[in-house]
Every structure is written in structure tokens, then in C-alpha cells.
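1. I'd like to go over a predicted model; first the sequence, then the structure.
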Amino acid sequence: MKEGPILSVLGIILLLMVLSSIVRMREIRSNAKLARTRQRAVVTAPVLDPSRFNHLKVAAYGRDPALMVLINGGEVIRGTEAEIGEFDERPARNITLSPYFIDLKEVSNRQYQKFIEKTKRPKQEVMIFFDDVSYLFEPNLPAVGVTWYDADAYCRWNGKRLPTEAEWEHAAGGNGSGGWPWGNAFIEGAANLRGEEDGFAYTAPVGSFDAGRSPYGLYNMAGNVEEWVSDWYDEFFYKEGQTTLPQGPDVGNTKVVRGGSWESSAILSRTTKRHTVAPNRKEAGIGFRCAMDSPPEL
């Protein structure tokens with residue numbers, strides 16, 4: 001049997017496959033770059049009264065101070081009975097939360113870079129991204145390419161902590177409806193979701209999309225980036241877990257991320273929608289914000 005010609009043919013096939021992959025990758029990157037260069041919102045959300053959040057208590061806290069909003073806590077609704085909800089969002093139950101502060105905006109690359117410089121923690125990186133990855137790390141964009149452990153360490157370094165899943169959901173406007181931070185009906189252009197119609201191919205600057213702010217004034221609780229919370233994931237926790245100051249399970253295999261991202265559909269960005277990710281993952285669509293207990297004097 002003559003193996004030479006067969007190996008030559010296989011080599012040529014392999015070479016053609018590699019060349020085809022390179023051409024395809026260049027095409028993907030070219031299309032991605034074109035998408036970024038024409039970032040202009042096709043759909044515009046309604047303009048709302050800018051004074052609608054003047055009643056909220058907002059203060060700057062942390063080693064690298066960031067504006068935070070006071071959430072009074074008390075008895076609130078977690079989960080939903082709405083048909084749009086999934087089994088791990090049910091049932092809707094009354095739970096009790098203590099007062100807490102939560103960041104007004106997602107942690108930005110500028111903020112996270114200070115943490116890297118002070119602590120010598122490894123730089124951000126993402127596992128899969130088909131465009132120029134440096135675009136994701138511009139200063140005013142949300143910090144991505146961070147594991148759960150990175151996010152937890154940043155918040156602790158800053159004198160804060162990651163919010164619990166229950167705190168995050170309540171601050172996002174979770175009221176049992178299964179809807180979005182701004183209400184029960186989806187509004188085109190109120191969040192940075194999949195597609196370019198909102199004006200962004202990937203992440204948008206923190207504090208974008210005023211029309212999509214939650215009842216507590218928080219930005220980007222739907223879309224832009226999913227956000228790490230402190231809890232381990234348990235599909236039955238909403239049914240069987242604590243209802244007084246819930247912290248999530250003691251152990252688990254994956255952590256919870258909430259809110260949907262620039263890669264998500266509208267249905268996946270609802271306030272009660274739960275997502276689960278391995279805590280060591282570094283993704284282009286996952287970031288975070290911090291929380292802290294309310295000081296006793298408040």
C-alpha cells in the first residue's frame with residue numbers, strides 16, 4: 001500500500017481546512033468591526049423625567065468610592081408566578097431583607113484597573129471573543145473577564161461584598177411580575193441586549209440606558225452584562241430555601257449570575273430570571289456590582 005500519496009492528500013485537505021478557518025475568522029472579525037463602527041441606536045426608548053429618582057438616598061462608599069443607593073429592605077417578594085417565569089423562579093414568596101446599599105452602576109474597567117494595580121491580581125481576560133478584545137476593556141465599559149472569585153475579592157478590597165441573589169433581584173425591581181426593571185412590558189431600546197438596534201454591538205458604558213433604570217434608579221439591571229451575585233445556585237432554593245435574610249445554599253457547583261447581557265434576548269433579561277455559571281469562568285458578558293450592609297446610623 002502506498003502511504004505517501006494518501007498522506008499528501010490528507011495534508012492538503014488539512015491545509016485547506018486551516019486556510020478556510022483563517023478566512024472565516026477574518027470575515028467574522030471584519031463583520032464585528034463593521035458592526036461597532038455603525039453603532040447608532042435604531043430604536044429609541046422614551047425620554048423620562050430625570051428628577052424621578054431625586055427622593056432616593058445616594059452616597060459614595062468604598063476605598064475607591066462609588067455611588068451607592070440605599071435599599072430599605074423589609075418584607076419583599078422574591079420569584080414569580082407569572083407564566084413567563086421558569087420553574088426555578090417559582091414560587092413567588094415573601095422574604096425579609098435588612099437595609100443595604102448597592103452600587104448605582106456596574107463596576108467599570110477603570111475601577112477594576114485600580115484594584116489590579118493595588119493588589120497585583122491577574123489582569124482581565126475572556127475565553128471566547130471574535131473581535132478585538134481590547135475593545136471590551138475601555139475604561140468606562142463594565143469590567144468583564146473576571147471570575148466570581150475576582151469579583152468577590154474586588155468588593156471585599158473595597159470594603160463591600162457581592163449582593164445576595166435576593167438583594168439583587170429586589171433592587172432590580174423584582175415584584176413578582178417576572179418583568180423587567182422598568183415594568184411588566186418590554187420596552188425596545190431600554191437595555192443593551194442582543195443585536196445592534198440599541199446602538200451597541202457589545203458592552204455599553206456603565207450608566208447607559210436611562211429609560212431602563214430600576215425603581216431604585218439602578219442602571220443596567222437588564223442587559224449590558226450579567227452580574228455575579230454571592231449565592232451558589234440551587235434550582236429549588238426559591239421553593240425550599242430561607243425566607244429571612246436568604247444567603248443561598250452553603251455549597252454548590254455553580255454561582256448565580258443575574259440580569260442578562262449584550263448577548264441576551266429580552267426574555268433572558270427579566271428581573272426574576274436566574275442563570276448559573278461556573279465560578280472560575282471569565283466571560284465577555286459577565287461583570288458585577290457591589291453591595292454593603294447599611295451602616296447602623298442610617
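-> Thanks, I have it. Residues are numbered from 1 along each chain as shown.

2. buried ones in stretch 266-274, by neighbour count?
-> 266, 268-274 (16 or more other CB atoms under 10 Å). Yep, even glycine has a C-beta here, placed from its N, CA and C like the rest.

3. repeat for stretch 124-143
-> Buried residues in stretch 124-143 (16+ other CB under 10 Å): 124, 126, 129, 131, 135-137, 141-143.

4. check stretch 150-168 too.
-> 150-152, 154-155, 157-158, 160-168.

5. cool, stretch 250-267 as well?
-> 255-264, 266.

6. where in this protein is pLDDT low?
-> Scanning the chain for pLDDT under 70 picks out the ranges 1-4, 6-7, 16-39, 296-298.

7. 50 instead, please
-> 24-25, 28 (pLDDT under 50).

8. and stretch 53-69, end to end?
-> Across stretch 53-69, the terminal residues are separated by 10 Å (CA to CA, to the nearest Å).

9. what are the contacting residues of it?
-> 70, 101-105, 107, 111, 114-115, 157-160, 171, 213, 216-218, 290-292, 298 (CB atoms under 8 Å, 6 or more residues apart in numbering).

10. buried subset of the residues you listed?
-> For the contacts of stretch 53-69, buried by 16+ other CB under 10 Å: 70, 101-105, 107, 111, 115, 157-158, 160, 171, 213, 216-218, 290-292.

11. can you give me the helices in this protein?
-> 3-37, 109-119, 148-157, 165-171, 237-240 (DSSP state H).

12. list the contacts for residue 82?
-> 176-179.

13. and it, how far from residue 166?
-> Remark: distance between residue 82 and residue 166 (CB to CB, to the nearest Å) = 18 Å.

14. isn't residue 265 up against residue 194?
-> Yes: counting by CB atoms under 8 Å, residue 194 is a contact partner of residue 265 at 5.7 Å.

15. so which of the buried residues of stretch 250-267 comes closest to residue 239?
-> Comparing the buried residues of stretch 250-267 against residue 239 with CB to CB places residue 256 closest, at 15.3 Å.

16. could you check how far that closest one is from residue 187?
-> Taken as CB to CB, the span from residue 256 to residue 187 is 25 Å.
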